[in-house]
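Asks: quick one: sequence and predicted model below, then my questions.
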Amino acid sequence: MFLQKQVGTGKGRTSFRLFSLLCLIAVLSLVVIPFFPSLVIRDTETNRPIWSGRIEENGTFSIRWTHSIHRTPVVETYLIRDGHILLSEMSFQDYGIGMESELAPGEKLISQDGQFRVVNMNRAFPALHLFIGQVRANHTLLFAGREIPLASVDRPGAAVTIQVEKRSILNEIGGY
């Protein structure tokens with residue numbers, strides 16, 4: 001009498017199937033889960049994301065703040081291009097200490113309706129680093145028609161980093 005041994009059963013075969021299933025899930029998740037550019041604000045100390053919003057290539061956002069000496073609003077407008085943040089325009093009421101004193105090639109200074117505007121700016125930043133004002137700066141993110149005071153997303157005085165990141169839906173709902 002011959003003894004037959006079953007091929008393809010047992011502990012080794014089950015482990016192989018489980019490993020194969022996990023590999024298939026990992027590959028499918030990379031293909032199926034879309035990644036999209038997002039503007040992300042991180043607490044610089046912990047590197048924890050504290051705010052994010054989807055932004056398209058060539059999308060814009062602004063940061064408005066109050067100048068500590070002039071006590072007038074300054075608005076910096078940024079453009080997203082190739083994953084970088086480009087300062088494209090700046091507007092302010094008083095020209096003096098702490099404001100742009102020289103224009104880069106191609107930039108123009110326009111005085112209109114009591115405002116100074118520096119236009120045609122093309123200054124690239126991989127990220128913006130700033131401290132949220134504690135007294136009067138009142139840093140505010142102007143994004144997609146909303147005004148988001150930065151003091152509402154982190155404490156005044158905190159250092160934050162603003163950058164463009166590729167994020168997935170899982171990042172948004174789970175914070176990964």
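Replies: On my side now, so go ahead.

Asks: can we go C-alpha only for contacts and neighbour counts from here?
Replies: Noted.

Asks: which stretches of this protein form helices?
Replies: 11-32, 169-174 (DSSP state H).

Asks: pLDDT of the shortest one, averaged?
Replies: Just to be clear, that refers to helix 169-174. Averaging pLDDT along helix 169-174 gives 68.

Asks: same check on the first one?
Replies: Along helix 11-32, the predicted local confidence has a mean pLDDT of 75.

Asks: residues contacting the nearest residue to residue 129 once chain neighbours are set aside?
Replies: The shortest distance from residue 129 to any non-neighbouring residue, by Cα to Cα, 6 or more residues apart in numbering, is to residue 161 (4.6 Å). The neighbours of residue 161, taking Cα atoms under 8 Å, 6 or more residues apart in numbering as the test, are 41, 42, 43, 44, 127, 128, 129, 130.

Asks: what's the answer for residue 121, then?
Replies: Residue 121 neighbours (Cα under 8 Å, 6+ apart): 87, 88, 89, 104, 106, 107.

Asks: one step back: can I get the contacts of residue 161 in a markdown table including distance to residue 142 and pLDDT?
Replies: Compiled in a markdown table, the contacts of residue 161 are given as follows (distance: Cα to Cα, whole Å; pLDDT from 0 to 100):
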| residue | distance to residue 142 | pLDDT |
| --- | --- | --- |
| 41 | 13 | 96 |
| 42 | 17 | 96 |
| 43 | 19 | 96 |
| 44 | 21 | 95 |
| 127 | 17 | 96 |
| 128 | 15 | 97 |
| 129 | 17 | 96 |
| 130 | 16 | 95 |
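
Asks: quick one: which of those is most hemmed in?
Replies: For those, the largest number of neighbours (other Cα atoms under 10 Å) sits with residue 41, at 25 neighbours.

Asks: wait, doesn't it sit right on residue 159?
Replies: No - using Cα atoms under 8 Å, residue 41 is not in contact with residue 159, being 10.2 Å away.

Asks: stretch 69-88: how far from the chain's middle?
Replies: 13 Å (Cα atoms, centre = their mean, to the nearest Å).

Asks: can I get that stretch as CSV, trimmed to CA atoms?
Replies: Only the C-alpha atoms of stretch 69-88 are listed here, as CSV (Å, rounded to 0.1, in the frame of the first residue of the first chain):
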residue,chain,number,x,y,z
ILE,A,69,5.2,98.8,13.5
HIS,A,70,2.8,100.3,10.9
ARG,A,71,-0.1,98.3,12.4
THR,A,72,-1.6,98.0,8.9
PRO,A,73,-2.5,94.8,7.0
VAL,A,74,0.0,93.0,4.7
VAL,A,75,-1.3,90.4,2.3
GLU,A,76,1.2,87.9,0.7
THR,A,77,-0.3,85.8,-2.1
TYR,A,78,1.3,82.5,-3.0
LEU,A,79,1.0,80.2,-6.0
ILE,A,80,1.6,76.4,-6.1
ARG,A,81,3.9,75.3,-8.9
ASP,A,82,5.7,71.9,-9.2
GLY,A,83,5.2,71.3,-5.4
HIS,A,84,6.8,74.5,-4.5
ILE,A,85,5.3,77.6,-3.0
LEU,A,86,5.9,80.8,-5.0
LEU,A,87,5.4,84.3,-3.5
SER,A,88,3.6,85.9,-6.4
